[in-house]
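J.: got a predicted model here, sequence first, then my questions.
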Protein chains: 2
Amino acid sequence: MKVGFLGFGEVASTLSGWLKDAGVEVYTSLEGRSDKTRARAKNYGVKVCKDNKSLAKISDILISAVTPAEAVKIAKDVGKYTRGIYVDVNNISPQTAKEALDCIENGKTADAAIIGGIKKGGIKVLILVSGSHAEQFSRLNQYGLNIKVIAPEVGKAKTLKMLRSSYTKGVSALLLETLYLANEMGLDDEFLRCLEATECPGFRESTLSRIKNSAYHAQRKSQEMEEVLKFIEDYSKLELTDEDECLSMIKATGEFFKYISNKIELDERPNYKELFESFKSKN
Amino acid sequence: MKVGFLGFGEVASTLSGWLKDAGVEVYTSLEGRSDKTRARAKNYGVKVCKDNKSLAKISDILISAVTPAEAVKIAKDVGKYTRGIYVDVNNISPQTAKEALDCIENGKTADAAIIGGIKKGGIKVLILVSGSHAEQFSRLNQYGLNIKVIAPEVGKAKTLKMLRSSYTKGVSALLLETLYLANEMGLDDEFLRCLEATECPGFRESTLSRIKNSAYHAQRKSQEMEEVLKFIEDYSKLELTDEDECLSMIKATGEFFKYISNKIELDERPNYKELFESFKSKN
């Protein structure tokens, strides 16, 4: 079994490490990649093809794990050379995934979504997959992965990831708003303790980490929420009767991340007290 | 130690059962109470005073656990007769609690808030308390209760309960909105499973129970959210500069519960699929 990776960032390198340990032949290509990526590929000891075209020809399963902006372009580049199954694991919308997979001329495709952080989740991190060749991709489960086939229709895995993202980002926004008020009232510590009493074990720790994460990645999260909203609005225009009223939370989440992304400079990593100060000091 | 209860509904009867088992003398009065409440008092074996006035005179700690609408009236009724400490545990706003406690002429008062369901929480359910006589009320901890003093300023316990309520109701609203979309797309089951993979243990079960509860009590929750919003808006007008933008989630939660409370008849207890059908069929 030969598995090729287009891109060799965190997702590709982590997956390739697990597969290599389980005896899979793992390949990548460094065509157009950064020095950092080259060093990482060397470090992981994967086999390196001279370009994406040769990688596409050699791989039984070719996994695209690049940046969202590159997903369609790289599919176009290898579309006519892909021999095996092409799987897109990028963080993109269902529509964009369809656009990318339509470039693969052999039609053996699947769209996948990694649920939660890959490092945090470890080898049993949930990987959802849909599309005509979802079942074939899930054969990697024999090497220890936790791939779950959702449906043969392309886009369902990305759709689930977007719905989940609306929920988890909404929870972060709610936490920030209510903690902001509690902090203003001098009750932040008591507020967290009081939620901890009835919410899940480890609530406080996971909350503080969620908040930090939301603030640090506010720009990216704001862009992701825009893509989620676009997808949901397109869908609701076609399918729902009452879209304005039953999507108020999701829309508010979008507004909230837009608001905080304007308050925070890129690469700031404020704790919640610093973040709340910035609510007051900037416009 | 003599503890008296004004009102003998779920909260009063449950607390009185625990205190009685721990050796406290527990009293109530059935003045103006329903037949159901009379039967419950008999069943719990508490001592019954002839009226609220005598109850107020005899009690070391007098606990008001009536309906939100009765909280101020009953405080007025017993205001000049209260000998011991008067504690309001009703589900009311900080302002309303102040109004009630101001009626107690001896000034020995506290406002308390029960965090989460009292039956579900059991004797260790968290009870927050604030006000001048919060410490004295917390002496009931020697009988097994879990009372936590927040601050000597009246209203802080009710404030925390309102902030928590914004958060938990917001989470329910988010769940309903995202699950609604997933259900429309035929992905509801997969969506719940995918959240379960990264959220807390028992997520699915607690989610379905939260949803049922939100739907069943939609009218009450909508009213509670209106009170929360009124409190937060009053506060933010006085204290915050940017109130419109950093309260978008809380406002959306209010709108959401208003929306579903108009969709559901009182005493309906729909599961989520039935609830979502009603989104489409009524106006």
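T.: All right, it came through fine.
J.: how about the closest residue to chain B within the stretch 151-283 of chain A, secondary structure?
T.: Chain B sits closest to residue A:200 of the stretch 151-283 of chain A, with a gap of 3.1 Å, by CB to the nearest CB. For the C-beta atoms, the positions are set from N, CA and C on the backbone; glycine is no exception. Secondary structure for residue A:200, judged by DSSP: H, G, I helix; E, B strand; the rest coil, is coil.
J.: confirm for me that it is in contact with residue B:207.
T.: No: at 11.7 Å, residue A:200 and residue B:207 do not qualify as touching, with contact defined as CB atoms under 8 Å.
J.: the two: who's more crowded?
T.: Per other CB atoms under 10 Å in any protein chain shown, whichever of residue A:200 and residue B:207 has more neighbours is residue B:207, with 20 against 15.
J.: shouldn't that one be in contact with residue B:195?
T.: Yes: the pair formed by residue B:207 and residue B:195 meets the contact definition of CB under 8 Å, at 7.5 Å.
J.: after the helix or strand hosting residue A:12, which helix or strand is next?
T.: For residue A:12, the host element (DSSP states H and E) is helix A:10-21. Taking DSSP H and E as the definition, the helix or strand that follows helix A:10-21 towards the C-terminus is strand A:25-29.
J.: that following strand to helix A:10-21, inter-axis angle?
T.: Here strand A:25-29 runs at an angle of 150 degrees relative to helix A:10-21 (axes from the mean of the first three to the mean of the last three CA atoms, to 10 degrees).
J.: report the buried residues of strand A:25-29.
T.: Buried residues in strand A:25-29, counting neighbours by 16 or more other CB atoms under 10 Å in any protein chain shown, are found at A:26, A:27, A:28, A:29.
J.: export those to CSV and tack on pLDDT?
T.: Converted to CSV, these look like this (pLDDT from 0 to 100):
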residue, pLDDT
A:26, 97
A:27, 97
A:28, 97
A:29, 95
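J.: just the strands in the stretch 51-200 of chain A please.
T.: Along the stretch 51-200 of chain A, counting by DSSP state E, counting those that start in this stretch, strands occupy A:61-64, A:85-88, A:109-114, A:126-130, A:146-151.
J.: quick one: mean pLDDT for the first one?
T.: Strand A:61-64 shows an average pLDDT of 98 in the prediction.
J.: helices along chain A, start to end?
T.: Counting by DSSP state H, chain A has these helices, from start to end: A:10-21, A:35-44, A:52-58, A:71-78, A:94-101, A:118-121, A:134-137, A:156-184, A:188-196, A:203-216, A:218-239, A:248-263, A:272-281.
J.: and the fifth one, what other elements does it pack with?
T.: Under the contact definition 3 or more CB pairs under 8 Å, 6 or more residues apart in numbering or on different chains; DSSP states H and E, helix A:94-101 sits against helix A:71-78, strand A:85-88, strand A:109-114, helix A:156-184, helix A:218-239.
J.: residues contacting that helix, please?
T.: Among residues not part of helix A:94-101, those counted as contacts by CB atoms under 8 Å, 6 or more residues apart in numbering or on different chains are A:64, A:68, A:71-72, A:74-75, A:86, A:88, A:90, A:92, A:109-111, A:131, A:154-156, A:158-159, A:162, A:231, A:234.
J.: wait, residue A:273 sits on residue A:183?
T.: Yes: Residue A:273 lies in contact with residue A:183 (CB under 8 Å); the separation is 6.7 Å.
J.: neighbour count winner among those two?
T.: In terms of neighbours (other CB under 10 Å), residue A:183 is the more surrounded of residue A:273 and residue A:183; the figures are 18 against 10.
J.: pLDDT value on residue A:106, please?
T.: The per-residue pLDDT reported for residue A:106 equals 98.
J.: just give the closest residue to it, not the sequence neighbours.
T.: Closest residue to residue A:106 in three dimensions, ignoring its sequence neighbours and counting by CB to CB, 6 or more residues apart in numbering or on different chains: residue A:82, at 5.9 Å.
J.: and for residue A:213?
T.: Nearest residue to residue A:213 in three dimensions, chain neighbours excluded: residue A:172, at 7.7 Å (CB to CB, 6+ apart).
J.: contacts with chain B among the contacts of helix A:94-101, please.
T.: Counting by CB under 8 Å from any CB of the partner chain, A:156, A:159 from the contacts of helix A:94-101 sit close to chain B.
J.: show residues contacting stretch A:21-41.
T.: Among residues not part of stretch A:21-41, those counted as contacts by CB under 8 Å, 6+ apart are A:1-9, A:12-13, A:16, A:19-20, A:46-52, A:54-55, A:58-59, A:140, A:143-144.
J.: starting at the chain centroid, how far to that stretch?
T.: Relative to the mean C-alpha coordinate of its chain, stretch A:21-41 is positioned 20 Å out (CA atoms, centre = their mean, to the nearest Å).
J.: pull out the buried residues from it.
T.: For stretch A:21-41, burial by neighbour count (16+ other CB under 10 Å) applies to A:24, A:26, A:27, A:28, A:29, A:30, A:31, A:33, A:37, A:40, A:41.
J.: tell me the one of the residues you listed nearest chain B?
T.: Of the buried residues of stretch A:21-41, the one sitting nearest to chain B (CB to the nearest CB) turns out to be residue A:24, at 23.8 Å.
J.: in terms of pLDDT, where does the closest one sit?
T.: Confidence at residue A:24, expressed as pLDDT, is 97.
J.: also residue A:91?
T.: 89.
J.: wait, it touches residue A:68, no?
T.: Yes: under the criterion of CB under 8 Å, residue A:91 is in contact with residue A:68, at a separation of 5.5 Å.
J.: can you pick out the residue with more neighbours from the two?
T.: For the pair residue A:91 and residue A:68, the greater number of neighbours falls to residue A:91 (19 against 15), based on other CB under 10 Å.
J.: ok, now which ones touch the nearest residue to residue A:169 once chain neighbours are set aside?
T.: The shortest distance from residue A:169 to any residue other than its chain neighbours is 5.4 Å, reached at residue A:253 (CB to CB, 6+ apart). Applying CB under 8 Å, 6+ apart to residue A:253 gives the contacts A:166, A:169, A:170, A:173, A:225, B:174, B:249.
J.: in a markdown table, list those along with pLDDT and neighbour count.
T.: Written out in a markdown table, the entries for the contacts of residue A:253 read as follows (pLDDT from 0 to 100; neighbours: other CB atoms under 10 Å in any protein chain shown):
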| residue | pLDDT | neighbour count |
| --- | --- | --- |
| A:166 | 92 | 26 |
| A:169 | 92 | 23 |
| A:170 | 94 | 27 |
| A:173 | 93 | 29 |
| A:225 | 89 | 25 |
| B:174 | 94 | 26 |
| B:249 | 92 | 28 |
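J.: now, of the strands of the stretch 51-200 of chain A, which is deepest in the fold?
T.: For these, the largest average neighbour count (mean count of other CB atoms under 10 Å in any protein chain shown) is found in strand A:85-88, namely a mean of 28.
J.: hmm, who's touching that strand?
T.: Contacts with strand A:85-88, where a contact means CB under 8 Å, 6+ apart, come from A:60-64, A:71, A:75, A:78, A:97, A:100-101, A:104, A:106, A:108-112, A:129, A:133, A:136-137.
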